[in-house]
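# Let me see the structure of the following:
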Amino acid sequence: MKSLPPALQAHLDEGTTTLAWCWRITRADGVTFGFTDHDRTLSFDGTEFEPESGLTASEVRSGSDLSVDAQDAQGVLSSDRITETDILDGRWDNAAVEVWRVNWSAPAQRVLLRRGAIGQIRRGRLAFVAEVRSLAHILGQTVGRTFQASCDAALGDARCGVNLEAPAFKGIGAVIDALRDRAFTASGLGSFAAGWFAFGLVEWSTGANAGRRVEVLSHDLVDGLAILTLLEAPVRPIMATDAFVVRAGCDKRIATCGTKFANVANFRGFPHIPGQDAVLRYASKDGGHEGAVL
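Numbers count the residues shown, from 1 in each chain. I've put the predicted structure just below:
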């Protein structure tokens, strides 16, 4: 049971209250925003809570079990601080949220009702609805390793050990021409073999998408000219001369780990586990079914 500050409890006991919702949202990039459903700016703990932001809250849905408590925050795409482009860009995904109940006539009288994170965002032409999930959603995340043939390490992390800043695995290029919304020809990559950057990452250095990363779906060479196809189209259009840095990708197979990265010693999969063919195998006269090592 949550205990309330004595001053706030006394205010509630009066019967007539002056309460407002306040949300403090901290995105993954470290930028903090404050919003309130009150009609004037509220300020506490170093955060300005913006009024008239088009943000309103539903009732809080809570349960006594371990299900994820949730509250919907509905807003209009009119605030300069919440834009459709940023939502599509994923800047608000999994942002940390604090939900406060505040006496707007005396903001020192307040209580932190819950902490959580931004979950699913449903978007329309003029408005959006963001789901605010409680911390219980962390209990639903997978913890530990997976027993599988392919590697479960992220290319370049501490478990993998590959240095993606090495010249062999890093290319610097620029867009020559956009072929489609997520495919383009690029300069500066002619020395790399076709497929070298497939499953890798493009990080935009200049242009409207500067600072954003996107996965590479395929890397082709046509007459010595590199063609990159991205997994998803950027929110902002790709333009000629946009510069980028692209790093090699990995398909998580042990053969690729050995031939492309010479890194089999750090392979984090189990390539010799029996596959479905072992389950479907049947006895035959040609041997191989006597229990010996395969």
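# and the gap between residue 240 and residue 8?
58 Å (Cβ to Cβ, to the nearest Å). For glycine as for every other residue, the C-beta is placed from the backbone atoms N, C-alpha and C.
# quick one: which of these two has more around it?
Taking neighbours as other Cβ atoms under 10 Å, residue 240 and residue 8 compare with residue 8 leading, 19 against 12.
# check which helix or strand covers that one.
Per DSSP states H and E, residue 8 falls inside helix 6-13.
# Can you list the buried residues in that helix?
8, 11 (16 or more other Cβ atoms under 10 Å).
# next helix or strand past that helix?
strand 19-26.
# which other helices and strands contact that next one?
Strand 19-26 is packed against strand 32-36, strand 47-49, strand 56-57, strand 96-103, with contacts defined by 3 or more Cβ pairs under 8 Å, 6 or more residues apart in numbering; DSSP states H and E.
# What are the buried residues along it?
For strand 19-26, by 16+ other Cβ under 10 Å, it's 19, 20, 21, 22, 23, 24, 25.
# got CSV for the helices and strands packed on strand 19-26, with mean neighbour count and distance to residue 160 too?
As requested, those are arranged in CSV below (neighbours: other Cβ atoms under 10 Å; distance: least, Cβ to Cβ, whole Å):
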stretch, mean neighbour count, distance to residue 160
strand 32-36, 21, 33
strand 47-49, 20, 39
strand 56-57, 15, 43
strand 96-103, 20, 28
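# Compare the mean pLDDT across these and name the weakest.
Between these, the one with the least mean pLDDT is strand 56-57; it has a mean of 56.
# any idea how far residue 228 is from residue 209?
From residue 209 to residue 228 the distance is 13 Å (Cβ to Cβ).
# Residue 173 looks like it's in a strand, true?
Yes - assessed by DSSP: H, G, I helix; E, B strand; the rest coil, residue 173 belongs to a strand.
# Can you verify residue 131 is assigned to a strand?
Yes - counting by three-state DSSP, residue 131 is part of a strand.
# Tell me, how many residues neighbour it?
18.
# Now that it has come up, it's in contact with residue 118, right?
Yes - using Cβ atoms under 8 Å, residue 131 makes contact with residue 118 at a distance of 7.2 Å.
# picking that back up, dump the helices and strands packed on strand 19-26 to CSV, plus distance to residue 147.
Output for those, formatted as CSV (distance: least, Cβ to Cβ, whole Å):
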stretch, distance to residue 147
strand 32-36, 41
strand 47-49, 45
strand 56-57, 43
strand 96-103, 33
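# Tell me which of residue 209 and residue 228 has more neighbours.
residue 228 (27 against 21).
# and the more buried one, helix, strand or coil?
Residue 228 - assigned by three-state DSSP - is strand.
# sorry, back to before: need the residues that contact the helix holding residue 8.
4, 17, 18, 103, 106, 108, 109, 110, 111 (Cβ atoms under 8 Å, 6 or more residues apart in numbering).
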